[in-house]
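Asks: Pasting a predicted model and its sequence here:
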Amino acid sequence: MPEGHSVHRIARQFDRNYVGRAVRASSPQGRFVEGASVIDERTVMSVRAVGKQMFLEFEGDVWLRVHLGMYGAWDFAGEILVDPTIASANGRMGQTNQRGTDLEGEPILDDAGENSLTSIGAPRRARVHVRMSEQTTGLADEGDQWPPPVVGQVRLRLMTEVTCADLRGPTACELQDPEQVQATIGKLGPDPLVDDVAEGEERFTRVVRRKPTAIGLLLMDQAVVSGIGNVYRAEMLFRARQNPHTPGRDVPEDVVRGLWRDWVKLLRTGVETGQMMTMDDLSDEDYRKAMASRDDRHWVYHRAGLPCRVCGTTIVVEEAAGRKLYWCPNCQKG
DNA sequence: ACGGCATGTCCAA
DNA sequence: TGGACCTGCCGTG
């Protein structure tokens, strides 16, 4: 489910709640028993997110690599030090997000554990249960049981004294040594939140401008640029008014650089808000709508058959490497 | 209850 | 290029 922004947000939660602590690791589902036994009782040393992958470092040079794929998710439960920007995007809070308050606001559950919210400046510990995948959405309370009951197929459970993280449905969950981690990361294109953005722009531009492959495919290629998925792909191409079929080497250099800079901006916004808000410069009214409903959040994604928001032309959808690609044939002629 | 679909990736033919 | 894999949700009956 997640594109790059979600993975960075999840990494943040591990940074706040796991780094420096020893974990109890288990595989309730049974498909990662051996790996879990290796990291059981080890201390988490650090966490890294690159593109759509997350790496948790345990003492003794053991790394856990997790790729959520399309369906994977982490569920956090217990006493969680909630990142302010994460809490504010928590679906549990309903549609309380307001323009300009996402960064500093920190609505959390009150001490009674009810759904009423408080908004204060500093991070605080809260008794919560949140799912972190594409959206950060609140889950129904299963009561105050500790440890939380295992629900569904949990590949890996990581528990500290106070926090529980359940991993389900990942496409990859494996242990790596430091060299393997380096090799994995080495194959990935630049990530604006990992690499120097100026260097990233050069790398991205150089690679794209050399390829005969359609730009619509290159944006999804994790070796070219990290973290972009199907939603951001479609939206970025529209924002650039760029035809998805143009070979990379034929896309004007300033457009290629513009795509990179747009990704830098969108990724930052996505990590801050937890939402793929790809329409900016909206009226307050439209902004509220966009934050409230996923259907009002995008220029072209998921809008096949609907009129283009700019020119009214019918948005088309086609298959591109097995994924749906949405675009406006009038606006994106370039 | 059931089927289709999804913000992803890999592999075999 | 098509299928396999991982799981949950949402629409349709």
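Replies: Received, thanks. Numbering: from 1, shown residues only, chains lettered A, B, ... in the order given.

Asks: Wait, residue A:64 touches residue A:173, no?
Replies: Yes: Residue A:64 is within contact range of residue A:173, at 7.3 Å (criterion: Cβ atoms under 8 Å). For glycine as for every other residue, the C-beta is placed from the backbone atoms N, C-alpha and C.

Asks: and for the two, which residues touch both?
Replies: Contact criterion Cβ atoms under 8 Å, 6 or more residues apart in numbering; residues shared by residue A:64 and residue A:173: A:35, A:156.

Asks: So for these two, which sits in the more crowded spot?
Replies: A count of neighbours by other Cβ atoms under 10 Å puts residue A:64 above the other of residue A:64 and residue A:173, at 25 against 22.

Asks: Need phi/psi at the closest residue to residue A:192 other than its chain neighbours.
Replies: Once flanking residues are discounted, residue A:192 sits nearest to residue A:264: 4.2 Å by Cβ to Cβ, 6 or more residues apart in numbering. In terms of degrees, to the nearest 10, the main-chain angles of residue A:264 are phi -60, psi -50.

Asks: which residue ranges form the strands in chain A?
Replies: A:24-26, A:44-50, A:53-58, A:62-67, A:73-81, A:107-109, A:117-119, A:125-132, A:136-138, A:156-159, A:163-168, A:172-176, A:316-320, A:323-327 (DSSP state E).

Asks: Can you redo the ones you listed as TSV, where the extra columns are distance to residue A:38 and mean pLDDT?
Replies: Below are the strands of chain A laid out as TSV (distance: least, Cβ to Cβ, whole Å; pLDDT from 0 to 100):
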stretch	distance to residue A:38	mean pLDDT
strand A:24-26	8	98
strand A:44-50	13	98
strand A:53-58	8	98
strand A:62-67	6	98
strand A:73-81	20	90
strand A:107-109	35	30
strand A:117-119	40	25
strand A:125-132	24	65
strand A:136-138	29	48
strand A:156-159	12	97
strand A:163-168	15	95
strand A:172-176	6	97
strand A:316-320	40	94
strand A:323-327	35	96
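
Asks: Can I get the ones you listed in JSON lines including distance to residue A:297?
Replies: As requested, the strands of chain A are arranged in JSON lines below (distance: least, Cβ to Cβ, whole Å):
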{"stretch": "strand A:24-26", "distance to residue A:297": "37"}
{"stretch": "strand A:44-50", "distance to residue A:297": "23"}
{"stretch": "strand A:53-58", "distance to residue A:297": "25"}
{"stretch": "strand A:62-67", "distance to residue A:297": "25"}
{"stretch": "strand A:73-81", "distance to residue A:297": "20"}
{"stretch": "strand A:107-109", "distance to residue A:297": "21"}
{"stretch": "strand A:117-119", "distance to residue A:297": "23"}
{"stretch": "strand A:125-132", "distance to residue A:297": "19"}
{"stretch": "strand A:136-138", "distance to residue A:297": "15"}
{"stretch": "strand A:156-159", "distance to residue A:297": "31"}
{"stretch": "strand A:163-168", "distance to residue A:297": "26"}
{"stretch": "strand A:172-176", "distance to residue A:297": "28"}
{"stretch": "strand A:316-320", "distance to residue A:297": "17"}
{"stretch": "strand A:323-327", "distance to residue A:297": "13"}
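
Asks: Kind regards, and thank you for your time.
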